[in-house]
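[1] Quick one, what's the 3D model for this:
(chains A and B)
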Amino acid sequence: GAGVSQSPSNKVTEKGKDVELRCDPISGHTALYWYRQSLGQGLEFLIYFQGNSAPDKSGLPSDRFSAERTGGSVSTLTIQRTQQEDSAVYLCASSLVRLAVYNEQFFGPGTRLTVL
Amino acid sequence: GENVEQHPSTLSVQEGDSAVIKCTYSDSASNYFPWYKQELGKRPQLIIDIRSNVGEKKDQRIAVTLNKTAKHFSLHITETQPEDSAVYFCAASQGPGRRALTFGSGTRLQVQP
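    Residues are numbered from 1 along each chain as shown, chains lettered A, B, ... in the order given. Predicted structure coming up:
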């Protein structure tokens, strides 16, 4: 079946503008994660959704960042008043969740965000 | 929170040689340790993982070892091939209540033909 998809693949915006990034997880995956990867760096956790539970927002770097997941499927990451340091590749991942079992996180292709 | 350190940042080996990448973690509650391979311009893909109740796991040319006492784990690639060239990331997860991964900073492996 289809893997995790993200849109847009590239986004160029001006400093101060708001942007929305979209993630479509694998069908049936109840867990969804957002990560950020700056150039040449590792992946930085942003936010995690699991089913109907309250999301784990502990990785969001500032209150300009927010995310929602509607209907337990598609997720949107919103960055308000973008800054140049927000430039990075934003990766979404999804996984099954089974009690006491760790399941592979499947990554999407990412959205490359460039803030001018 | 968890902190994962990864070494080396770059590694160059001759085709056929072995490559070893090492990671340490800080939180003794972490009990799941996956390794991801990321080719240039592509998404990370899981290549192997290990749970804390196991000390070693092997899958063909790839093996991972875990030392819970010392809080470190390593990736071993034997008989390296040019297609192994990529960036490798280790990660750690802190248990059923928190499944997000904390990643290391990555190792760029270059296999010279």
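[2] neighbours around B:Leu75, how many?
    25 (other CB atoms under 10 Å in any protein chain shown). No exception for glycine: its C-beta is placed from N, CA and C like everyone else's.
[3] ranges for the strands of the chain?
    Using chain A. Ranges of strands in chain A, per DSSP state E, are A:5-7, A:10-13, A:19-24, A:31-37, A:43-50, A:65-69, A:75-79, A:88-95, A:106-107, A:111-115.
[4] actually it's chain B I care about, not the one you picked
    With DSSP E applied, chain B shows strands at B:4-7, B:10-14, B:19-25, B:32-38, B:45-51, B:56-59, B:62-67, B:72-77, B:86-92, B:102-103, B:107-112, listed in chain order.
[5] partners of the first one in the sheet?
    In the sheet containing strand B:4-7, the strands it pairs with under DSSP bridges are strand B:19-25 (antiparallel).
[6] show me where pLDDT drops low in the chain?
    In the absence of a named chain, chain A is used. Applying pLDDT under 70 to chain A picks out residues A:1, A:99-102.
[7] Oops, wrong one, chain B.
    Low-confidence segments of chain B, defined by pLDDT under 70, span residues B:95-99.
[8] Can you pull the residues of it lying near chain A?
    Where proximity means CB under 8 Å from any CB of the partner chain, the interface of chain B facing chain A comprises B:1, B:6, B:32, B:34, B:42-46, B:49, B:51, B:89, B:91, B:93, B:96, B:98-106.
[9] can you rerun that using 10 Å?
    Within chain B, the positions lying close to chain A (CB under 10 Å from any CB of the partner chain) are B:1-2, B:4, B:6, B:9, B:31-34, B:36, B:38, B:41-46, B:49-51, B:87, B:89-91, B:93, B:95-106, B:108.
[10] May I see the PyMOL selection of the buried members of these?
    Buried subset of the residues of chain B next to chain A, written as a PyMOL selection, criterion 16 or more other CB atoms under 10 Å in any protein chain shown:
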select buried, chain B and resi 2+4+6+31+32+33+34+36+38+43+44+49+50+87+89+90+91+93+98+99+100+101+102+103+104+105+106+108
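[11] Bridged to the residue nearest the centre of chain A, which residues?
    Taking CA atoms, centre = their mean as the criterion, A:Trp34 is the residue nearest the geometric centre of chain A, at 2.9 Å. Under DSSP bridges, the beta-bridge partners of A:Trp34 are A:Ile47, A:Cys92.
[12] same thing with A:Leu77?
    So, taking DSSP bridges as the rule, A:Leu77 has A:Leu21, A:Ala67 as bridge partners.
[13] so how far is B:Asn3 from it?
    24 Å (CB to CB, to the nearest Å).
[14] neighbour count winner among those two?
    Under the criterion of other CB under 10 Å, the comparison of A:Leu77 against B:Asn3 puts A:Leu77 first, with 24 against 11.
[15] I figured that one was touching A:Lys11, is that so?
    No - with contact taken as CB atoms under 10 Å, A:Leu77 and A:Lys11 are classed as non-touching, separated by 11.2 Å.
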